[in-house]
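Trainee: Need coordinates for the following:
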Amino acid sequence: MANDRLGVRWGFAGGVAVSSVAEARGAASFAEQAGFDGVWISQAAGVDPIVALACCAEAAPELSEFGTSIVPLYGRHPLPVAQLTRTVQNALGGRFTLGVGAASQFYASKLGQSWDRPFSFTRDFVAGLLPLLRGDAVDYAGEQLSTHAELAIEASDTPVLLAALGPKMLRFAGGHLAGTTLGQCGPKTIADYVIPALQEGAAAAGRTEPVRVMALVRVCLTDDHAGARQHAEEVSSFYQSFPSYQRVIQKEGLAHPADLHVIGNWQQILDSLAAYAEAGVTDLRVEASAHTPAATQVTRAALAEYLNG
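Mentor: Below you'll find the predicted structure:
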């Protein structure tokens with residue numbers, strides 16, 4: 001009997017820094033063959049995820065969704081982002097979802113930009129972006145950004161997910177966007193803090209449609225716990241420098257972001273993923289984050305066996 005896939009959508013996380021279009025195509029192809037609903041690519045020091053996903057249509061013709069998680073807004077403007085997004089939406093036949101986030105003080109400093117008011121910046125960006133993604137003209141003057149433009153690109157509307165951890169950003173996502181995409185955030189925090197904030201924002205905006213809540217979960221199927229744990233600490237040490245992530249790790253009652261990595265046998269992995277579903281997430285973005293190529297392949301194979309079962 002086929003499983004119910006925990007009652008959520010499954011996205012395959014193609015990695016933090018995808019180094020080539022070929023790697024992006026490989027991730028999309030694997031996602032489709034393994035039974036995932038979509039593939040998600042992040043922006044770090046690798047390829048531009050929007051452009052890379054536009055090149056993946058033929059690699060995964062039956063995949064339901066291609067998404068970014070995330071594209072930093074700092075260093076960009078709504079007009080070229082909308083132009084690029086609608087072009088990619090056209091290329092992917094309506095299967096593209098744009099995941100964005102303000103980024104971080106560290107990222108803004110690399111661009112020589114101020115991090116004084118990230119919420120105001122995000123609000124202005126979204127106000128300029130959403131009408132253009134719908135195919136409408138926009139005439140918006142904000143506190144930090146202004147957008148006065150119209151595009152002539154054939155494409156369906158693009159859902160936008162916002163990376164959010166602070167209460168204002170979460171309420172904004174719940175009230176004005178398709179939902180939120182979460183990084184290192186555990187199920188207890190999602191149930192007790194994230195979803196109530198999203199619901200508060202939706203209620204304030206008079207919104208009745210469901211809000212997407214997508215959680216990243218890094219998993220490794222292995223009995224080499226020490227090796228996998230060392231890898232998890234290397235991968236997640238990045239998050240320790242950000243106060244927003246430190247707060248959600250504390251809310252979860254954990255000592256280190258690596259504690260959110262799921263390491264063990266398949267039943268332990270499935271139980272942990274089920275905890276996210278029970279917390280109220282609508283989407284799992286699962287990354288096979290392993291310490292050896294062999295462990296990566298074993299983890300991916302187990303995910304495929306479950307999803308195709």
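Trainee: going forward, measure contacts between C-alpha atoms and count neighbours the same way
Mentor: Noted.
Trainee: Could you list every helix and strand in contact with the strand or helix carrying T296?
Mentor: In this structure, T296 sits in helix 293-307 according to DSSP states H and E. With contacts defined as 3 or more C-alpha pairs under 8 Å, 6 or more residues apart in numbering; DSSP states H and E, helix 293-307 has these neighbours: helix 21-34, strand 212-221, strand 283-288.
Trainee: buried residues in that helix?
Mentor: Buried residues in helix 293-307, defined by neighbour count with 16 or more other C-alpha atoms under 10 Å: 295-296, 298-300, 302-304, 307.
Trainee: From Y74, how far off is R117?
Mentor: 11 Å (C-alpha to C-alpha, to the nearest Å).
Trainee: swap in L145?
Mentor: According to C-alpha to C-alpha, L145 stands 11 Å off from Y74.
Trainee: right, and T189 touches E252 too?
Mentor: Yes. Between T189 and E252 a contact is recorded at 5.5 Å, counting by C-alpha atoms under 8 Å.
Trainee: Just the C-alpha atoms of the longest helix belonging to the chain, please, in CSV.
Mentor: Among all segments of the chain classified by DSSP state H, the helix with the greatest residue count is helix 118-134. Taking Å, rounded to 0.1, in the frame of the first residue of the first chain, the C-alpha atoms of helix 118-134 are listed here in CSV:
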residue,chain,number,x,y,z
PRO,A,118,15.9,45.1,6.8
PHE,A,119,12.1,44.9,7.3
SER,A,120,11.5,48.3,5.7
PHE,A,121,13.7,47.3,2.8
THR,A,122,11.9,43.9,2.3
ARG,A,123,8.5,45.6,2.5
ASP,A,124,9.5,48.1,-0.2
PHE,A,125,11.0,45.4,-2.4
VAL,A,126,7.8,43.2,-2.2
ALA,A,127,5.6,46.2,-2.9
GLY,A,128,7.4,46.8,-6.1
LEU,A,129,7.8,43.2,-7.0
LEU,A,130,4.3,41.6,-6.6
PRO,A,131,2.4,43.8,-9.2
LEU,A,132,5.1,43.1,-11.8
LEU,A,133,4.9,39.4,-11.1
ARG,A,134,1.2,39.5,-11.7
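Trainee: Name the surrounding residues that touch it.
Mentor: By C-alpha atoms under 8 Å, 6 or more residues apart in numbering, the residues outside helix 118-134 that reach it are 73, 77-79, 81-82, 85-86, 101-102, 137-140, 142-151, 156-158, 168-169.
Trainee: Ok, stretch 154-169 next?
Mentor: So stretch 154-169 is contacted by 69-70, 85-87, 89-90, 93-94, 96-102, 119, 133-135, 170, 173, 177-183, 194, 197, 212, 244-245, 248 (C-alpha under 8 Å, 6+ apart).
Trainee: end to end, how far does it reach?
Mentor: Span of stretch 154-169 from end to end, C-alpha to C-alpha: 30 Å.
Trainee: Sort out which residues of that stretch are buried, please.
Mentor: 155-167, 169.
Trainee: just stretch 249-263 next, same as before
Mentor: Using 16+ other C-alpha under 10 Å as the test for burial, stretch 249-263 gives 249, 251-252, 257-263.
Trainee: coming back round to it: what mean pLDDT does the helix holding T296 have?
Mentor: Average pLDDT, helix 293-307: 97.
Trainee: Tell me the gap between that helix and the middle of its chain.
Mentor: Centre-to-centre, helix 293-307 and its host chain are 21 Å apart (C-alpha atoms, centre = their mean, to the nearest Å).
Trainee: what angle sits between that helix and strand 283-288?
Mentor: Orientation check (axes from the mean of the first three to the mean of the last three C-alpha atoms, to 10 degrees): helix 293-307 against strand 283-288 gives 150 degrees.
Trainee: what's next to helix 293-307, contact-wise?
Mentor: Helix 293-307 is contacted by residues 3, 5, 33-36, 219-222, 266, 288-290 when judged by C-alpha under 8 Å, 6+ apart.
Trainee: mind listing the helices for the stretch 51-200 of the chain?
Mentor: 78-91, 105-110, 118-134, 167-176, 187-189, 195-204 (DSSP state H, counting those that start in this stretch).
Trainee: Those helices: which one's closest to A274?
Mentor: Counting by C-alpha to C-alpha, A274 lies closest to helix 187-189 out of those; the figure is 9.5 Å.
Trainee: Please name every helix or strand in contact with that closest one.
Mentor: Short answer (3+ C-alpha pairs under 8 Å, 6+ apart): helix 187-189 packs on helix 243-251, helix 266-279.
Trainee: which residues sit against that helix?
Mentor: Taking C-alpha under 8 Å, 6+ apart as the rule, helix 187-189 contacts 248, 251-252, 275-276, 279.
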